[in-house]
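[1] Model the structure of this input:
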Amino acid sequence: MRWIHAAGRGLLVLLVVLTGYAASGVRSGGADDGGRGPLTLATAGDLTGYLGPLLEGWNRTHPGERVTLVELPDSADESHAQMATDLRDDGRGRFDVLNIDVNWTSEFAAAGWIRPLPRDRFPLETFLPPVVDTATYDGRLYAVPYVTNAGLLLYRKDILAEEGVEPPRTWAELEQLAKTIAPKHGLDGYAGQFLPYEGLTVNAAEAVYSAGGSILGGEGERVTVDSAAAREGIGFLARGVREGWIPQRALAYKEEESKQAFQDGRLLFLRNWPYAYVVADAEGSPAAGKIGAAPLPGPDGPGTSVLGGSNLAVSTHARYPDSAARLMAYLTSERVQRQVLTRGALPPVRAGLYGDAELIREFPYLPTLRESVLTAAPRPKSPRYDQVSLVVQAVVRDAMTGRMTPEAAVRRLARELAAVSGR
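    Next up, the predicted model:
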């Protein structure tokens, strides 16, 4: 959940008032329905340590509504498992507010674990437009965007400048530079997040989307992956490993491992979330001052990122929904959203911050990130998303390790996704 992390990550915020809950027809499972009191907030691990100070600010001014932060594992899969276990606990769950990966909204909503929310209670018009879609299921709002994210191509700008070349805009350009310039400077060519976990699902989806394909249609009721575009996208990843410009060691990379390889000066190009830019470019980093960021390349020009980040949802068992609403209003305010970026290196959902000249001076990748978010696509929606993701990971892994051809992988994906979807 580094796209929550970075991959995004943050907190749970729902700008919902008590009357909004009543209007939605959803009741709290707690004994003090609608009242105020302490809250427990569950989120994946906070890599940059920004969240504690934000919550301390809340707790100082709201002593009767103190928030206890529960940090779950960094791994998206492990965090998902722990949240799901808590939400299934028939009213006895610990968590009131949940910071969920953007692609868990459909699953959690279909299972009845999170509350539907009235749209008119949220300043959705102030958010970057694509992020709102990730918070809906079956035409209803079930969460509120808190952190967004899009993948970027990070590169060693010092090396490209020395060679007199521009950052790659196409897969062919990326392959050529990764095969020629990288070894000349003793570097690996290109890496993403290729360990079999949610990060591999993201990287595979981006490759398929960039080639003009898709994986599922609608709310997961149609399997659309059996296409020439999907074969081209998966073929791009498989070819990289086979030809060596994606190193074998990258098959064990998650966000942190790939960021560290780039930061230590072992990679020419890296697909990662913006937090990796901030950390790798920080004072004291071996790569400081040497990093550039560009949109992900595609077959014929800029590609398509998966839309990452986190949505903020309220458990159906939440004890004090009014306090949850107040906390979420605090966390989604423009002032705090600014701190989400400046302290946490996480992309805010408020569109106005991306044009702030002061922030652009501090985070020069912001204009590129804004364009990447605006052209990004969500991962396939499905109430069985966890199973969908596991299928994608297993099949794409087999293609990247040479156990099957990209053509065979796409056919297998179509069969297994149809079985998961019941189609």
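
[2] pull the helix or strand with minimum mean pLDDT from the chain.
    The helix or strand of the chain with the lowest confidence, counting by mean pLDDT, DSSP states H and E, is helix 18-24 at a mean of 33.

[3] Can you name the element that comes right after it?
    strand 39-44 (DSSP states H and E).

[4] Pull the residues that contact that next one.
    Contact partners of strand 39-44, identified using CB atoms under 8 Å, 6 or more residues apart in numbering, comprise 1, 4-5, 9-12, 51, 55, 65-74, 76, 79, 82-83, 86, 94-99, 310, 318-320, 323-324, 327. Yep, even glycine has a C-beta here, placed from its N, CA and C like the rest.

[5] same deal with stretch 66-76?
    The contact list for stretch 66-76 (CB under 8 Å, 6+ apart) reads 1-5, 38-47, 51-52, 55, 58-59, 78-79, 82-83, 94-95, 101, 197-199, 254, 256, 327.

[6] That one: end-to-end distance?
    This stretch, stretch 66-76, spans 26 Å end to end (CA to CA, to the nearest Å).

[7] Next, the buried residues of it.
    Buried positions in stretch 66-76, judged by neighbour count with 16 or more other CB atoms under 10 Å: Val67, Leu69, Leu72, Asp74, Ser75, Ala76.

[8] for stretch 242-256, same thing?
    The neighbour-count check on stretch 242-256 (16+ other CB under 10 Å) flags Trp245, Ile246, Pro247, Ala250, Leu251, Tyr253, Lys254, Glu255, Glu256 as buried.

[9] Let me know whether my guess that the last one is in a strand holds.
    No. According to DSSP: H, G, I helix; E, B strand; the rest coil, Glu256 belongs to no strand; its state is helix.

[10] Number the chain from 17, please
    Got it, first residue is 17 now, which makes that one Glu272.

[11] Tell me the spacing between it and Pro315.
    29 Å (CB to CB, to the nearest Å).

[12] which residue ranges form the strands in the stretch 267-416 of the chain?
    Using DSSP state E, counting those that start in this stretch, the strands found in the stretch 267-416 of the chain span residues 283-288, 307-310, 323-330.

[13] ok now the first one, how far from the chain's centre?
    Here strand 283-288 shows a centroid-to-chain-centroid distance of 17 Å under the convention CA atoms, centre = their mean, to the nearest Å.

[14] my guess is Asp112 meets Ala334, correct?
    Yes. Asp112 is within contact range of Ala334, at 4.4 Å (criterion: CB atoms under 8 Å).

[15] Find residues that contact each of the two.
    Leu55, Ala340.

[16] one step back: sort out for me which of the contacts of strand 55-60 are in strands.
    Val83, Thr84, Leu85, Val86, Glu87, Leu88, Val113, Leu114, Asn115, Ser326 (DSSP state E).

[17] what sits against Ala198?
    Residues counted as contacts of Ala198 (CB under 8 Å, 6+ apart) are Asp204, Gly205, Tyr206, Trp261, Leu283, Leu284, Phe285.

[18] Excluding chain neighbours, what is closest to the first one?
    This points to Asp204. Once flanking residues are discounted, Asp204 sits nearest to Pro263: 4.4 Å by CB to CB, 6 or more residues apart in numbering.

[19] Same check on Val295?
    Lys275 (6.3 Å).

[20] Point out where the chain drops to low pLDDT.
    17-50, 63, 107, 439 (pLDDT under 70).

[21] Could you pull up the residues touching the residue nearest to Asp204?
    Contact analysis of Pro263 by CB under 8 Å, 6+ apart lists Asp204, Gly205, Ala207.

[22] Verify the contact between the first one and Leu283 for me.
    Yes. With the criterion set as CB under 8 Å, Asp204 and Leu283 qualify as a contacting pair; they are 5.2 Å apart.

[23] So those two - more neighbours on which side?
    Set Asp204 next to Leu283 and count neighbours by other CB atoms under 10 Å: Leu283 wins out with 26 against 22.

[24] Tell me how many other residues crowd the residue nearest to Pro311 when sequence neighbours are not counted.
    In space, and not counting its chain neighbours, Pro311 is closest to Pro318: 4.3 Å by CB to CB, 6+ apart. Neighbourhood size, Pro318 [other CB under 10 Å]: 17.

[25] One more: Arg377?
    Other residues near Arg377 come to 9 when the count uses other CB under 10 Å.

[26] Can you verify my assumption that Leu357 contacts Tyr370?
    No. With contacts counted by CB under 8 Å, Leu357 stays clear of Tyr370, the gap being 9.6 Å.

[27] Skip the chain neighbours and tell me the closest residue to His78.
    Here the residue nearest His78, using CB to CB, 6+ apart, is Arg342, at 7.3 Å.

[28] Actually, Tyr213.
    Asp93 (5.6 Å).

[29] Also Glu189?
    Pro313 (6.7 Å).

[30] circling back to that earlier point, and which of the buried residues of stretch 258-272 is nearest to Leu406?
    Distance to Leu406 across those (CB to CB) is lowest for Lys270, with 16.0 Å.

[31] residues in contact with the closest one?
    Taking CB under 8 Å, 6+ apart, one finds Arg18, Ser91, Gln209, Leu211, Tyr213, Gly215 in contact with Lys270.

[32] Next, the contact list for the third one, please.
    The one in question is Gln209. Gln209 neighbours (CB under 8 Å, 6+ apart): Arg18, Gly215, Leu216, Val218, Asn219, Tyr269, Lys270, Glu271, Ser274, Arg287, Asn288.

[33] Check the residues you listed and tell me the two furthest apart.
    Going by CB to CB, the pair spanning the contacts of Gln209 furthest: Leu216 and Asn288, at 13.5 Å.

[34] When those two are compared, which one has more neighbours?
    Asn288 (28 against 24).

[35] All the strands of the stretch 67-216 of the chain, residue numbers only.
    83-88, 113-117, 152-153, 156-157, 160-166, 168-172, 204-207.

[36] angle of the second one against strand 323-330?
    Looking back up the chat, that one is strand 113-117. Using axes from the mean of the first three to the mean of the last three CA atoms, to 10 degrees, the direction of strand 113-117 lies 160 degrees away from that of strand 323-330.
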